[in-house]
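> after the sequence you'll find the predicted model.
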Amino acid sequence: MNVTPLRPDASLEYWQERVDLAAAFRLAAQMDWHEAVGNHFSLAVSADGKRFLLNPRWRHFSTIRASELLLLDSDDAETMNRVDAPDPSAWCIHGHLHRYVPHARCVLHVHPPYGTALATLADPKLLPIDQVTAKFYNRVAIDQEFGGIADFAEEGERLARALGSFQHMILGNHGVLCTGATVAETFDELYFLERAARTLVLAYSTGRPLKVLTPEIAERTAKGWEDYGQQAFCHFAELKRGLDAVDPSYAT
C-alpha cells in the first residue's frame, strides 16, 4: 500500500527534498549503515549549493522526520552559536563541501561495515574484480590524511580539496562519502559502493589471489553503468514504497 502523508506545515520550504532526505536516513538505518547518533546526510536546496538541509544534532537515523531537518547556510558564521546548532563534525564536513564543492548537491557520509573496513586498509583502493566494483573504477577519491574527528575548519577545507572533482570518496581510517545531484542518485551510489566494498573485503578474506579486471574491461564496465542512470530513481522509489508500507512517519 502506498501512503502519502500530509504535510504538517504548508509553509515549510523544500518539502519534497525534505521527504527524500528523511527517507534516506530511515533506509540507511535499515541497512545498518548508521553509527549510533552520528553520521550525517545533507542536500543543497539553493542554486549555488550553499543553503542545505541537514539532520539535527545527535538524532538516530531511524527516527528522523522531514519536518525536523535543519535548513542551514554554509556562509553563516553564527550557525554553531545557535541553540539548534548541528553536530560539529557535520557542520565541518557538510558545511565546507556545500561551500566549496557546488557539484556535491547531496552528500551522504556514513561509516558502514564494509566501506569502513576497506577504508582501514593500507591500500583502500576499490579494485575492479566484478561489475559492481568496476562501476567505481578510477571514480573514487581516496583520502589518506585522517587527522582525528573532523570538527575544525581546516579539516573541512582539506576534505573539500580531497574530494575535488570526484563524486565519491573513501576516507582512510574513517568511512565513505558519496555525492550526487539528487537524493535518489546519491543513495543508489552509496548502496552500490557498500556492496562493492563488501565484495572486495570478502574476496580478500579468502586469502586467495584476486582476479582483477584489465583497465580496458574495467573502464568499459564503468561506462556501461552510465546507461542505467534512471535505475537509481526506480530503486529509491521502490525503497520508499517499502517505508510507506511499514512506517510512513519519515514524511511528516
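Ah, there it is. Given the structure is predicted, the values throughout are model-derived calculations rather than measurements.

> Asp151 and Cys92 touch, don't they?
Yes. With contact defined as Cβ atoms under 8 Å, Asp151 and Cys92 form a contacting pair (5.2 Å). Bear in mind the C-beta positions are built from the backbone N, C-alpha and C, glycine included.

> mean confidence (pLDDT) on the strand or helix carrying Ala245, please.
When secondary structure is defined by DSSP states H and E, Ala245 falls within helix 231-246. Rounded to a whole number, the mean pLDDT of helix 231-246 is 97.

> stretch 14-26 too?
Averaged over stretch 14-26, pLDDT sits at 97.

> in that stretch, which residues are buried?
Taking 16 or more other Cβ atoms under 10 Å as the basis for neighbour counts, the residues of stretch 14-26 that come out buried are 14-15, 17-26.

> alpha carbons only: can I get it in PDB?
Presented in PDB, the C-alpha positions along stretch 14-26 are these (Å, rounded to 0.1, in the frame of the first residue of the first chain):
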ATOM      1  CA  TYR A  14      11.600  22.300   0.200                       C
ATOM      2  CA  TRP A  15       9.100  19.700   1.200                       C
ATOM      3  CA  GLN A  16       9.800  17.000  -1.400                       C
ATOM      4  CA  GLU A  17      13.500  17.400  -0.800                       C
ATOM      5  CA  ARG A  18      12.900  17.000   2.900                       C
ATOM      6  CA  VAL A  19      10.900  13.900   2.400                       C
ATOM      7  CA  ASP A  20      13.500  12.300   0.200                       C
ATOM      8  CA  LEU A  21      16.300  13.100   2.600                       C
ATOM      9  CA  ALA A  22      14.300  11.800   5.600                       C
ATOM     10  CA  ALA A  23      13.700   8.600   3.700                       C
ATOM     11  CA  ALA A  24      17.400   8.200   3.100                       C
ATOM     12  CA  PHE A  25      18.100   8.300   6.800                       C
ATOM     13  CA  ARG A  26      15.400   5.700   7.600                       C
END
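
> which other residues reach it?
Where contact means Cβ atoms under 8 Å, 6 or more residues apart in numbering, the residues beyond stretch 14-26 that reach it are 7, 12, 34, 41-43, 45, 53, 55, 61-62, 64-69, 71, 106, 108, 182-184, 186-187, 236, 239-240, 243, 247, 250-251.

> so how do I select the buried members of those residues in ChimeraX?
Selecting the buried subset of those in ChimeraX, with 16+ other Cβ under 10 Å as the burial test, is done by:
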select :7,34,41,42,43,45,53,55,61,64,65,66,69,106,108,182,183,184,186,187,236,239,240,243,250,251
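
> coming back round to it: helices - which of the buried residues of stretch 14-26 land there?
In this view, those that belong to helices under DSSP state H are 15, 17-26.

> pull up the distance across stretch 45-63, start to finish.
Its start and end residues considered, stretch 45-63 measures 22 Å (Cα to Cα, to the nearest Å).

> just the mean pLDDT for it, thanks.
Here the average pLDDT along stretch 45-63 is 97.

> how about stretch 158-167?
The predicted model assigns stretch 158-167 a mean pLDDT of 96.
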